[in-house]
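Peer 1: No letters, just coordinates:
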C-alpha cells in the first residue's frame with residue numbers, strides 16, 4: 001500500500017530529485033518506533049532511506065543506514081542529500097554481518113523492516129528478491145548480529161508478518177532479549193492481523209500488547225489511530 005501524498009512535514013514540497021518508494025510497512029515502523037534516549041541509531045536494510053529520514057525528522061540523532069543493494073544505497077544517498085539532515089545520516093553499502101564483524105560502534109536503537117519470505121517463490125527481479133527474502137539475512141542472523149551492536153540499554157524495533165514476527169520474538173527471547181512492546185497491525189476491521197510491530201530490549205520488562213487498524217471499512221479512509229500515528233509524515237491524510 002503506498003500513498004502519493006507522503007511527505008516529510010519539514011518539506012513544503014518534496015524535492016523533485018528524490019525518489020522515495022513508500023510502503024506502509026516502512027511508514028508504520030518509522031512512525032511507531034520510540035526514539036527517546038536514542039543518540040545513535042542503526043537502520044538495517046535502509047532501501048531508499050525512508051525510515052532513516054523519518055527518524056531523523058523526529059530526533060537529532062546520528063544515524064547509520066546500511067543496505068547490500070548498490071542501487072538502493074545510491075538512491076538513499078540522493079534522498080538524504082536532498083533532505084534537511086544529510087550531515088546526520090551516513091549510508092553504507094554493507095551487510096549487517098560485515099558491520100557486526102568489523103565495527104566497534106554501539107547503537108541505542110536498531111530498526112529494521114527486514115526481508116520476510118522464508119520459503120516462497122522468488123520474483124524475476126533480483127533486487128526485489130533480495131529485499132523480500134531472507135536468503136541474505138535470516139531473522140536469526142539479524143538478532144544474533146544486532147545484539148552485539150546494542151548498547152546495554154539499547155532497543156531493537158522490527159516489523160514482520162505475524163507468524164514470522166512471533167518466531168523472531170521467540171528466538172530473541174532465547175538470546176536474552178525481552179519483548180517490551182508488541183502491536184498487531186490489521187489492514188482493516190474484521191480481517192486477520194497482517195503485521196507485527198516489535199520492540200525488543202535486553203532489559204526485563206512487562207510486555208505491552210496493543211492493536212492498530214490502518215483503514216476503516218471504506219477503502220483509503222484511514223482510522224483515527226493510524227492518522228494520529230502517521231500524520232506528521234503525510235501532506236494529506
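Peer 2: Thanks, I have the structure now. None of the values given here were measured: they were computed from a predicted structure.

Peer 1: Longest strand of the protein, counting residues only.
Peer 2: For the chain, the strand with the greatest residue count under DSSP state E is strand 150-161.

Peer 1: hey, which helix or strand in the chain has the poorest pLDDT?
Peer 2: helix 126-132 (a mean of 43; mean pLDDT, DSSP states H and E).

Peer 1: Just the pLDDT for the residue lying closest to residue 209 once chain neighbours are set aside.
Peer 2: In space, and not counting its chain neighbours, residue 209 is closest to residue 182: 5.2 Å by Cβ to Cβ, 6 or more residues apart in numbering. For every residue, glycine as well, the C-beta is placed using N, CA and C. You'll see residue 182 listed with a pLDDT of 98.

Peer 1: now the one 5 residues further on
Peer 2: Residue 187 is assigned a predicted lDDT (pLDDT) of 96.

Peer 1: With residue 233 instead?
Peer 2: On the pLDDT scale, residue 233 gets 87.

Peer 1: That one touches residue 31, doesn't it?
Peer 2: Yes. Between residue 233 and residue 31 there is a contact under Cβ atoms under 8 Å: 6.2 Å.

Peer 1: quick one, which of those two is more surrounded?
Peer 2: residue 233 (22 against 19; other Cβ atoms under 10 Å).

Peer 1: Pull out the buried residues from the longest strand of the chain.
Peer 2: Within strand 150-161, the residues that count as buried by 16 or more other Cβ atoms under 10 Å are 150-151, 154-161.

Peer 1: can you give me the helices for this protein?
Peer 2: In the chain, the helices defined using DSSP state H lie at 24-32, 50-58, 70-81, 96-102, 126-132, 139-147, 162-174, 224-230.

Peer 1: Point out the most buried one among those helices.
Peer 2: Among the helices of the chain, ranked by average contacts under mean count of other Cβ atoms under 10 Å, first place goes to helix 50-58 (a mean of 25).

Peer 1: Quick one: mean pLDDT for that one?
Peer 2: The average of the pLDDT scores along helix 50-58 is 94.

Peer 1: Could you do stretch 149-156 as well?
Peer 2: 96.

Peer 1: returning to what we had before: can you tell me which two in the buried residues of strand 150-161 are farthest apart?
Peer 2: The most widely separated members of the buried residues of strand 150-161, counting by Cβ to Cβ, are 151 and 161 (28.5 Å).
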